[in-house]
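Enquirer: Sharing a model prediction with you, sequence too.
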Amino acid sequence: QVTLKESGPGILQPSQTLSLTCTFSGFSLSTYGMGVGWIRQPSGKGLEWLANIWWDDDKYYNPSLKNRLTISKDTSNNQAFLKITNVDTADTATYYCARTGFDYWGQGVMVTVSS
Amino acid sequence: EIVLTQSPTTTAASPGEKVTITCLASSSVSNMYWYQQKSGASPKLLIYSTSSLASGVPDRFSGSGSGTSYSLTINTMEAEDAATYYCQQWSSNPLTFGSGTKLEIK
């Protein structure tokens, strides 16, 4: 059974760094072809893909945020991470992680950027 | 970046009615993916590789298309199908989603 769960700080201030963790089970990021992606959704708005990391540590980023994003993984602990630097109110959203293929998604974690 | 334009933006259908949602890509893509998102829930994969039904998805859902024009069809609308639907491509980086189609039940 595949499950994913996101965790994050809940609220942070502008200019801070947002650190998100995706803890998953039912698959391994050491398996050929596997990957995890991060997607966000501001309240009442659409989906925006942020980044993907693959079993071989290959990484893809959305160019619109690339300079601010860092994706990484801890294969032994079945976790993937996303850092977004220099956040502002536009980064307020629900953040999801999903297994590549996006066939399984986490429940999402709400992040609010506010002073 | 490939822009995906969905139409209609919102629509409503009666139970038993056929519904078609269209997704037009700004450049040709090799495959399209479709998701259903109900209020307060995570997106759910419906269709992958343009026309393959994801596991557990009712067969009243189907996908078709090629090049720059793709569609999602619900053969007979049911109340539980009321949701927002998104198309998605990753034929070229970055992965992009359509802006969504809100489907309501009449």
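Expert: The structure has been received and is ready for your questions.
Enquirer: For the rest of this, base every contact and every neighbour count on C-alpha atoms.
Expert: Fine.
Enquirer: what is residue 7 paired to in the beta sheet?
Expert: I'll assume chain A. residue A:21 (DSSP bridges).
Enquirer: my bad, the chain I had in mind was chain B
Expert: residue B:22.
Enquirer: so what's it up against?
Expert: B:21-23, B:101 (C-alpha atoms under 8 Å, 6 or more residues apart in numbering or on different chains).
Enquirer: Nearest the geometric middle of the chain, what residue?
Expert: I'll assume chain A. The residue lying closest to the centre of chain A (C-alpha atoms, centre = their mean) is residue A:38, at 3.4 Å.
Enquirer: ah, no, chain B please
Expert: Closest to where the C-alpha atoms of chain B average out (C-alpha atoms, centre = their mean) is residue B:34, at 4.1 Å.
Enquirer: what sits against residue B:45?
Expert: Shown in contact with residue B:45 (C-alpha under 8 Å, 6+ apart): A:102-104, B:33-36, B:54.
Enquirer: Switch these over to a markdown table; also include distance to residue A:72, pLDDT and secondary structure.
Expert: Listed next are these as a markdown table, based on distance: C-alpha to C-alpha, whole Å; pLDDT from 0 to 100; DSSP: H, G, I helix; E, B strand; the rest coil:
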| residue | distance to residue A:72 | pLDDT | secondary structure |
| --- | --- | --- | --- |
| A:102 | 18 | 93 | coil |
| A:103 | 20 | 93 | coil |
| A:104 | 19 | 97 | coil |
| B:33 | 25 | 98 | strand |
| B:34 | 27 | 98 | strand |
| B:35 | 26 | 98 | strand |
| B:36 | 28 | 98 | strand |
| B:54 | 28 | 97 | coil |
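Enquirer: Out of those, give me the one that has the most neighbours.
Expert: residue B:34 (28 neighbours; other C-alpha atoms under 10 Å in any protein chain shown).
Enquirer: Near chain B, which residues of chain A are found?
Expert: Proximity of chain A to chain B (C-alpha under 8 Å from any C-alpha of the partner chain) is limited to residues A:46-49, A:61-63, A:96, A:102-108.
Enquirer: Generate a PyMOL selection restricted to the buried entries among these.
Expert: Listed next is the PyMOL selection for buried residues among these, using 16 or more other C-alpha atoms under 10 Å in any protein chain shown:
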select buried, chain A and resi 47+48+49+61+62+96+102+103+104+105+106+107+108
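Enquirer: which of the residues of chain A next to chain B are the two that sit furthest away from each other?
Expert: In these, two members sit farther apart than any others by C-alpha to C-alpha. They are A:63 and A:107, at 25.3 Å.
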